[in-house]
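J.: please work out how this folds:
(chains A and B)
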Amino acid sequence: MEVLAKVAFAVYALIILGGAVLAVGSSSLVRALVGLIVTLFGVAGMYLLLNTPFMAFMQLLIYVGAVCVLVFFAVMLTRAHGEGEEAAPAPVKQYLYALLAGLTPAAILSWIILKHPLASKTVPLEVPIVELGKGLLEQYFLAFELISVVLLVAMSGAVLLAWERREKK
Amino acid sequence: MNGIATELIRIVVGLVAVAAFVGLNGLVLVYAERKGAGHFQRRPGPFEVGPHGVIQPIADALKLIGKQLFTPENADPFLFWLAPLLSFFPVLLLFVPLPFGPVLTVWEVDLGLLLILAFAGINVLALLLAGWASNNKYGLLGAGRAVAQSVAYEIPLLLTVLAIAFQSGTLNLSTIVSQQGSWPWQWNIVTQPLAFIIYLISALGETNRAPFDLPEAESELTAGFHTEYSGMGFGMFFLAEYANMIVVSGVCTALFLGGWKGPFVDGFWWYLVKVYALLGAMIWFRWTYPRVRFDQLLNINWKWLLPLATLNLLGTAFLMKVF
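T.: Next up is the predicted model:
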């Protein structure tokens, strides 16, 4: 089982990495978005590996089904076909700096993990959603409500922005 | 290890069976739709290939498979061909938690409803990709409409599904079915008639079916997001649309109409009868109602369906708390 879990982890990690490379490397915005979606799928797979299918499905429902669709809509409005001057290849120096910036945290993290390897844990118990709901409305009530306040502020901000523009016209 | 092997075999066999079911249904529904359309318009419909044209869908399918696949000039080929695949393959997953019968479920998932809702969202993305990658203004307009429509209609759909989930206390479709009785007055439609109507309208909106088929409105946008697709590229979108229709009808049957339970003898036949009745109604709607205008479409959703669904959910929660 442990080997299987490691194989699954490697597959999901590769999916995440592949998506990230596609997101960063492509000059077309929409292809980059496809890379982001691939990464989000990989993250959903990681949630499944942690035995939290609720989080995995929510990840797909919210990030792939809603957030990415809205990002796509915004991209479509800009008619970004990846032909502007920013699509030209950057100087080699810039690639080196970017590689350095990306590899440093990865190197530090992997050094620590290799130095103090963690023993594999058993598969965590799946928390039934009834328990999850009770936790959100009892133990973690304040955090839950605060998050909804954040969303409310964001939503009213969006409405406010749209309102102002309509008055000007 | 043995347990994993049997589970895997079950899932693989289930997915193959689902793929066969989707393909066969494509043929049946194409015939039903064309024949239905014909009779609604006082003409016989397909009549030449086979008796009463029954072999017509096979001829259509062969024609689609035989056609040349064509990528338009200046289109992004990777995204252009990714879109039909992305539209069709996730749909097969949606059949996994559907309870066709007491034991006839590919895989009973505790969060079955959520799984269906999560993977159904990918279809919108596929339509968007198709419209954008075609490098065609009709395609782009169709994609823009698809996103506005699906994002809007998903909300009342979710709210009605939530009302049933509140009532049943579970997201497992099999459990929801087993909580309902065999006779029509023991089904959820009796306690949630408003939710049923809202679900049905939003489902038409989600599956891009007439009168809400604005993303592919042929009188305005040629064929909307799939204007540029030939052969099986178009075929994939087509199959995905019919498969999505079966899924929304299947979920509706499980949530509101008692699933595989029915008078006298329970079994998968009741499930199929109800699903096909709903599909028939969808075809009937298509050829009865004219296409709505886009502002009307959004107004119906935001000004009627959404408040009604919210009220229905609040009412359900209130009654659940009181009783």
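J.: ok, which residues in chain A are in contact with chain B?
T.: A:4, A:28, A:30-31, A:34, A:37, A:53-54, A:57-58, A:60-61, A:64-66, A:68-70, A:72-73, A:76, A:128-130 (Cβ under 8 Å from any Cβ of the partner chain). C-betas here are computed from N, CA, C, even on glycine.
J.: now these: which count as buried?
T.: The neighbour count (16 or more other Cβ atoms under 10 Å in any protein chain shown) marks A:28, A:30-31, A:34, A:37, A:53-54, A:57-58, A:60-61, A:64-66, A:68-69, A:72, A:76, A:129 as buried among those.
J.: take these and keep only those in helices.
T.: Those of those mapping onto helices are A:30-31, A:34, A:37, A:53-54, A:57-58, A:68-69, A:72, A:76, A:129, per DSSP state H.
J.: which single one of those is nearest to B:Trp183?
T.: Closest approach to B:Trp183 among these (Cβ to Cβ): A:Ile129, at 30.4 Å.
J.: look up how far B:Phe40 lies from the spatially closest residue to the closest one that is not a sequence neighbour.
T.: Spatial nearest neighbour of A:Ile129, excluding adjacent residues (Cβ to Cβ, 6 or more residues apart in numbering or on different chains): A:Phe54 at 5.6 Å. Remark: distance between A:Phe54 and B:Phe40 (Cβ to Cβ, to the nearest Å) = 44 Å.
J.: how about the residues of the stretch 1-150 of chain B by chain A?
T.: Residues of the stretch 1-150 of chain B that fall close to chain A, judged by Cβ under 8 Å from any Cβ: B:4, B:76, B:78-79, B:82, B:109-111, B:114-115, B:117-122, B:124-125, B:128-129, B:132-133, B:140, B:143-144, B:147-148, B:150.
J.: which pLDDT value goes with the closest residue to B:Ser150 other than its chain neighbours?
T.: Spatial nearest neighbour of B:Ser150, chain neighbours left out: B:Val124 (4.3 Å); criterion: Cβ to Cβ, 6+ apart. We note a pLDDT of 83 for B:Val124 in this prediction.
J.: so what's the residue count around B:Val124?
T.: Residues lying near B:Val124 (other Cβ atoms under 10 Å in any protein chain shown) number 26.
J.: quick one: residues contacting it.
T.: Applying Cβ atoms under 8 Å, 6 or more residues apart in numbering or on different chains to B:Val124 gives the contacts A:Gly65, A:Val69, B:Ala146, B:Val147, B:Ser150, B:Val151.
J.: any regions of the chain where pLDDT drops low?
T.: Looking at chain A here, since you left the chain open. By pLDDT under 70, the weakly predicted segments of chain A are A:1, A:79-88, A:164-169.
J.: please go with chain B instead
T.: For chain B, counting by pLDDT under 70, the residues that fall below are B:1-2.
J.: can you give me the helices in chain A?
T.: Assigned by DSSP H, chain A shows helices spanning A:2-25, A:29-49, A:53-59, A:68-78, A:92-115, A:129-137, A:141-168.
J.: for chain B, which residue gets nearest to chain A?
T.: Across chain B, no residue is closer to chain A than B:Gly121, which sits at 2.4 Å (Cβ to the nearest Cβ).
J.: that residue is in contact with A:Tyr63, isn't it?
T.: No. Using Cβ atoms under 8 Å, B:Gly121 is not in contact with A:Tyr63, being 9.5 Å away.
J.: would you check that the residue nearest to A:Ile129 makes contact with B:Leu115?
T.: No. Counting by Cβ under 8 Å, A:Phe54 does not reach B:Leu115; the two are 10.3 Å apart.
J.: how is chain A divided into domains?
T.: A:2-90, A:127-169 (automatic domain parsing).
J.: looking at those domains, which is buried most?
T.: Scoring the domains of chain A by mean neighbour count under mean count of other Cβ atoms under 10 Å in any protein chain shown gives domain A:2-90 as the most buried, with a mean of 16.
J.: start to end distance for that domain?
T.: 43 Å (Cα to Cα, to the nearest Å).
J.: taking chain A, what residue is nearest to chain B?
T.: Counting by Cβ to the nearest Cβ, chain A gets nearest to chain B through A:Gly65 (2.4 Å).
J.: and for that residue, nearest residue in space, chain neighbours not counted?
T.: Closest residue to A:Gly65 apart from its sequence neighbours, by Cβ to Cβ, 6+ apart: B:Gly121 at 2.4 Å.
J.: can you check B:Leu140 too?
T.: With sequence-adjacent residues excluded and distances taken as Cβ to Cβ, 6+ apart, B:Leu140 is closest to B:Gly131, at 5.4 Å.
J.: what about that neighbour, neighbour count?
T.: 32.
J.: any idea which element it lies in?
T.: helix B:112-133 (DSSP states H and E).
J.: next, the angle helix B:112-133 makes with whatever helix or strand comes next after that helix.
T.: Using DSSP H and E, the next helix or strand after helix B:112-133 towards the C-terminus is helix B:137-168. Counting by axes from the mean of the first three to the mean of the last three Cα atoms, to 10 degrees, helix B:137-168 lies at 170 degrees to helix B:112-133.
J.: quick one: distance of helix B:137-168 to the chain centre.
T.: 12 Å (Cα atoms, centre = their mean, to the nearest Å).
J.: next, the angle helix A:68-78 makes with that helix.
T.: 160 degrees.
J.: in helix B:137-168, which residues are buried?
T.: Neighbour-count burial for helix B:137-168, counted by 16+ other Cβ under 10 Å, picks out B:138-165, B:167-168.
J.: nearest residue to residue 60 in space, please, no chain neighbours.
T.: Picking chain A for this. B:Ala118 (3.9 Å).
J.: right idea, wrong chain: chain B
T.: Per Cβ to Cβ, 6+ apart, closest to B:Asp60 is B:Val30, 6.4 Å.
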